[in-house]
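K.L.:
Here's a sequence, model it:
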Amino acid sequence: MLRRCFAVFALAASSWANAEAPPPDTDSFQVGSTIRTFSPPQVREWRGAKRQALVTRIWYPVERSRQPAQHDIGPTGHPLFRGSAVSENAPLSAAHETYPLVVFSHGTGGSADELDWLASAFAKHGYIVAGVNHPGNNALEPLTREGFVLWWERATDLSEVLDAMLADKAFGPHIDPRRVGAAGFSLGGYTVLELAGARTDLSAFRAYCHSPAADSNCHPPTNYASRKVAPMSASAIASMKRSGASYRDLRIKAVFAMAPAIGKALDQQSLTRIEIPVRLIAGTADTTAPPTTNVLHIAQFLPRARVRMIDGATHYTFLDTCVPAAMTIHATICKEAPGVDRDAVHAIAIGEAFDFFDSSLAVPITEKSK
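P.N.:
Okay, the predicted model is just below:
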């Protein structure tokens, strides 16, 4: 079973004046999909991962004439989630010279594919999406201690995937570098906030987790907690010392965080200094990343952010919809409370994401005319 660690409520909305028309309407394209394995040239912290590379799923617009094939997500013969119809390795649509790019970050123990519902919707809408599988902290390989605790390193994964996407021979020339955003779920929500300028305060988080107010974010996954682990490597110890550094990537122009986790680990002053547009979305019934200590706690320090709370949605409502056979075996992440429709929640989130990125990643007319 997958491992996991880890509103309408509105604040002041961001607005971009003098913007060009948004990308094409929903379903203007079919969905293309491919995998890239990026190997950054610089020395980096791989968090004890067996595979020292950034395995990245890419979703992108392809011509409507393509014939996509339905696929499910999960182990062969035992799929967990219902995937979208995609055309594997099809050529990028030539309908536009360039497209906006959104980099995706999954939750702890998850994978980029578990956000296929949102990534595919973006591709149909005219976006390129790149979702990295974070080393040492994804469903494709064993979870490592470093992968679980060195959260801030995840931001470097996305920055390096962005480097690689811009340099990619097939996609790079067709990405508009002025229109790059980031979206994340759970710990991925924390990750994209770091790209926006938030910093980690480990001392404050540890103090919180030793207090009576500690929430579920303070407890490691059951499978991880029961393990005997080796001492941390020298590179991991060095990473701990830079946990409070800034991982702001100036190329990221807007961030969309779904059910963000470890909100109490984010330095409050750094949140107040975030200048780019931020949109937050979560469920009122989330017990994995409780709203009061996570999404709503974060929102109070983000004066330009907007928050959408969806009644009855839980943490795992923001994962892909499960196939029928998985409903009983993986009830914790698959089943919803009576009256909650996961696909309907996804539709709300997609609408919020389109509204947010279509406006915040639009190119001002003054720039377009240069």
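
K.L.:
drop to CA atoms for contacts and neighbour counts, all remaining ones
P.N.:
Will do.

K.L.:
so which strand or helix has Ala204?
P.N.:
helix 202-209 (DSSP states H and E).

K.L.:
Poorly predicted segments of the protein, please.
P.N.:
Along the chain, segments meeting pLDDT under 70 span 1-26, 220-230, 364-370.

K.L.:
Can you tell me which helices and strands the helix holding Ala204 packs against?
P.N.:
Using 3 or more Cα pairs under 8 Å, 6 or more residues apart in numbering; DSSP states H and E as the contact test, no helix or strand touches helix 202-209.

K.L.:
buried stuff in that helix?
P.N.:
Buried positions in helix 202-209, judged by neighbour count with 16 or more other Cα atoms under 10 Å: 202, 205, 208-209.

K.L.:
so what does the strand or helix carrying Leu280 touch, helix or strand wise?
P.N.:
In this assignment (DSSP H and E), Leu280 forms part of strand 278-283. With contacts taken as 3+ Cα pairs under 8 Å, 6+ apart, strand 278-283 sits against strand 254-258, helix 295-299, strand 306-310.

K.L.:
Starting from it, tell me which strands it pairs with and how they run.
P.N.:
strand 254-258 (parallel), strand 306-310 (parallel) (DSSP bridges).

K.L.:
Following the last one in sequence, what is the next regular element?
P.N.:
Moving toward the C-terminus from strand 306-310, the next helix or strand (DSSP H and E) is helix 326-329.

K.L.:
Kindly report the same for the first one.
P.N.:
Using DSSP H and E, the helix or strand that follows strand 254-258 towards the C-terminus is helix 268-272.

K.L.:
now that next one, how far from the centre of its chain.
P.N.:
21 Å (Cα atoms, centre = their mean, to the nearest Å).

K.L.:
likewise stretch 119-131?
P.N.:
Distance of stretch 119-131 from the chain centroid (Cα atoms, centre = their mean) equals 13 Å.

K.L.:
cool, and stretch 339-350?
P.N.:
For stretch 339-350 - counting by Cα atoms, centre = their mean - the centre lies 18 Å from the chain centre.

K.L.:
Return the set of buried residues in it.
P.N.:
For stretch 339-350, by 16+ other Cα under 10 Å, it's 340-342, 345-346, 349-350.

K.L.:
Ok, stretch 352-361 next?
P.N.:
352-354, 356-361.

K.L.:
How about stretch 94-106?
P.N.:
By neighbour count on 16+ other Cα under 10 Å, the buried set for stretch 94-106 is 98-106.

K.L.:
Over to stretch 164-171?
P.N.:
Using 16+ other Cα under 10 Å as the test for burial, stretch 164-171 gives 164-166, 171.

K.L.:
Relative to Ala305, which of the buried residues of helix 202-209 is nearest.
P.N.:
Nearest to Ala305 out of the buried residues of helix 202-209 is Phe205 (Cα to Cα; 22.8 Å).

K.L.:
burial measure for the nearest residue to that closest one once chain neighbours are set aside, as a count.
P.N.:
Residue nearest to Phe205 in three dimensions, not counting chain neighbours: Ala265, with 4.7 Å by Cα to Cα, 6 or more residues apart in numbering. Neighbour count of Ala265, defined by other Cα atoms under 10 Å: 22.

K.L.:
Surely Ala265 is in contact with Asp201?
P.N.:
Yes: the criterion here is Cα atoms under 8 Å, and Ala265 meets it with Asp201 at 5.4 Å.
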